[in-house]
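Enquirer: structure, please.
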Amino acid sequence: MYKFLTRQEELLLLVIWRLKENAYGMAIKAKLEEFTERKWSFGAVYAPLSRLLKKGMATSTKGEPTPERGGKSKVFYTLTTEGKKALMHVKKIHEVSWQGLTSLEL
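Expert: Purely as a prediction, here's the structure:
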C-alpha cells in the first residue's frame, strides 16, 4: 500500500528527481515555478518538503557552509526508495485515468 501524495508533494518529488544532486531549496522552488508557470512561496515549498521527509519519501543532507550564504549550508534533498515507489504508483494512476481520452474540447 502506497502512502497518499498531494499534488504538491508529487511535483516536489518529480523536481527532486530531475535536479538530482542539485536539489536544494532555491533550485527546487525555481524548477517548480518553471514547470507550473506560477510563483511558489517558500512555505508552499518547505511545508510539503517537511511532510515528505516525515513520510520517508525523501531525505535531506547539509552541504558545506559557503561564504555566499553567510556561512550557512545548503540542504540537499534526495528521493528514497519509498518516494520512487510512490511516484511510480501515481504515474500508473495517471496513465490508467487518462487511457482512451485523447483530447478535451474547450
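
Enquirer: could you use CA atoms for every contact and neighbour count after this?
Expert: Noted.

Enquirer: and the pLDDT at the residue nearest to the spatial centre of the chain?
Expert: For the chain, Leu12 is the residue whose C-alpha lies nearest the centre (CA atoms, centre = their mean; 1.4 Å). Predicted confidence (pLDDT) for Leu12: 97.

Enquirer: quick one: contacts for it?
Expert: Shown here is Leu12, whose contacts under the criterion CA atoms under 8 Å, 6 or more residues apart in numbering are 28, 32, 45, 48-49.

Enquirer: what's the closest of those residues to Thr6?
Expert: Distance to Thr6 across those (CA to CA) is lowest for Pro48, with 8.5 Å.

Enquirer: hang on, the earlier thing: need the three-state assignment for the residue nearest to the centre of the chain.
Expert: Reducing the assignment at Leu12 to three states with DSSP: H, G, I helix; E, B strand; the rest coil gives helix.

Enquirer: strands of this protein, residue ranges please.
Expert: Assigned strands in the chain, in chain order: 58-65, 73-79 (criterion: DSSP state E).

Enquirer: and the longest helix for this structure?
Expert: Among the elements of type helix in the chain, defined by DSSP state H, the one spanning the most residues is helix 81-98.

Enquirer: packing partners for that one?
Expert: Using 3 or more CA pairs under 8 Å, 6 or more residues apart in numbering; DSSP states H and E, the elements in contact with helix 81-98 are helix 7-19.

Enquirer: can I get the helix it packs on in CSV? Just the C-alpha atoms.
Expert: Taking C-alpha atoms only, helix 7-19 is exported to CSV below (Å, rounded to 0.1, in the frame of the first residue of the first chain):
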residue,chain,number,x,y,z
ARG,A,7,-0.2,17.2,-5.9
GLN,A,8,2.4,19.5,-4.3
GLU,A,9,4.2,16.5,-2.9
GLU,A,10,4.1,14.7,-6.3
LEU,A,11,5.5,17.8,-8.0
LEU,A,12,8.2,18.2,-5.4
LEU,A,13,9.3,14.6,-5.7
LEU,A,14,9.5,14.9,-9.5
VAL,A,15,11.6,18.1,-9.2
ILE,A,16,13.9,16.5,-6.7
TRP,A,17,14.3,13.5,-9.1
ARG,A,18,15.1,15.8,-12.0
LEU,A,19,17.5,18.0,-10.2
